[in-house]
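Peer 1: task: produce atomic coordinates for the following.
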Amino acid sequence: MKKILSCSAIICLCFLFVSCKKDKNENTDYYISAKVGGELVTYKTNAVAVKEQTDTIYNLALTAFGDVTTGQQFYLQIAQVNNPITAGTYVDAGDDALLVVGGYNPGTTDDSKIFAAGLQVDSNPRLQITISSLTSTNVSGTFSGTYYDNGGDGPGIVAVTDGKFNLQLH
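Peer 2: Okay, here's the model as predicted:
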């Protein structure tokens, strides 16, 4: 089941990446922001959320760019089997029915400098996403966790804290 969720996550993120490059949405009401290693970053370009259901897999993908041309981006994703995504807290604890992942690109094409969270199982704080509000047009909440360099493989880590998002839902 984890493979199905992983494939769903990758497909959805690719869809978001391609669609976000086509049009600029710089509405200042929509954003993803967080402290990355203690430094505040806020991304507002193409700040959107996509909610979808495929058979019994429910998916919510969140993304925002700082600069599309350099690739500065934050993304978060929750996917689960048999249960719609609602307001609440999501942490992937190894359950095959839930996937909670995220990524942070500080503006590079060098995979060793792109960070991901949610795939490593160790003693560092897991990625946690809390949805405080989810309506037919908007999603908002908070997130935090340990992100790993090399596209999520590590060994380098960075703490992502005080994460917040407010995104238009498509």
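
Peer 1: mind checking how far the closest residue to Val81 other than its chain neighbours is from Ile32?
Peer 2: Nearest non-adjacent residue to Val81, counting by Cβ to Cβ, 6 or more residues apart in numbering: Ala97, 4.4 Å away. For the C-beta atoms, the positions are set from N, CA and C on the backbone; glycine is no exception. Distance, Ala97 to Ile32, by Cβ to Cβ, to the nearest Å: 26 Å.

Peer 1: next: Pro84.
Peer 2: Distance from Pro84 to Ile32, by Cβ to Cβ: 22 Å.

Peer 1: more neighbours: which of the two?
Peer 2: Ile32 (27 against 10; other Cβ atoms under 10 Å).

Peer 1: which elements pack onto the helix or strand containing that one?
Peer 2: Element membership for Ile32, per DSSP states H and E: strand 31-36. Helices and strands touching strand 31-36, by 3 or more Cβ pairs under 8 Å, 6 or more residues apart in numbering; DSSP states H and E, are strand 39-43, strand 57-67, strand 72-81, strand 138-148, strand 157-169.

Peer 1: okay, buried residues for that strand please.
Peer 2: Residues of strand 31-36 classed as buried: Tyr31, Ile32, Ser33, Ala34, Val36 (neighbour count, 16 or more other Cβ atoms under 10 Å).

Peer 1: nearest to Lys51 among the residues you listed?
Peer 2: Ile32 (15.9 Å; Cβ to Cβ).

Peer 1: give the full set of residues in contact with that closest one.
Peer 2: Counting by Cβ atoms under 8 Å, 6 or more residues apart in numbering, Ile32 touches Thr42, Tyr43, Ala47, Leu62, Thr63, Ala64, Phe74, Leu76, Gly163, Lys164, Phe165, Leu167.

Peer 1: beta-bridge partners for the residue lying closest to the first one once chain neighbours are set aside, please?
Peer 2: I take that to be Thr42. Distances taken as Cβ to Cβ, 6+ apart place Ser33 nearest to Thr42, at 3.8 Å, with adjacent residues excluded. For Ser33, the beta-bridge assignment (DSSP bridges) gives partners Thr42, Lys164.

Peer 1: residues contacting the residue nearest to Val81?
Peer 2: Met1, Gln80, Val81, Asn82, Asn83.

Peer 1: next up, the contacts around the residue nearest to Thr42.
Peer 2: Leu40, Val41, Thr42, Tyr43, Gly163, Lys164, Phe165.

Peer 1: buried among the residues you listed? Make that a PyMOL selection.
Peer 2: A single PyMOL command is used to select the members of the contacts of Ser33 judged buried by 16+ other Cβ under 10 Å:
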select buried, resi 41+43+163+165
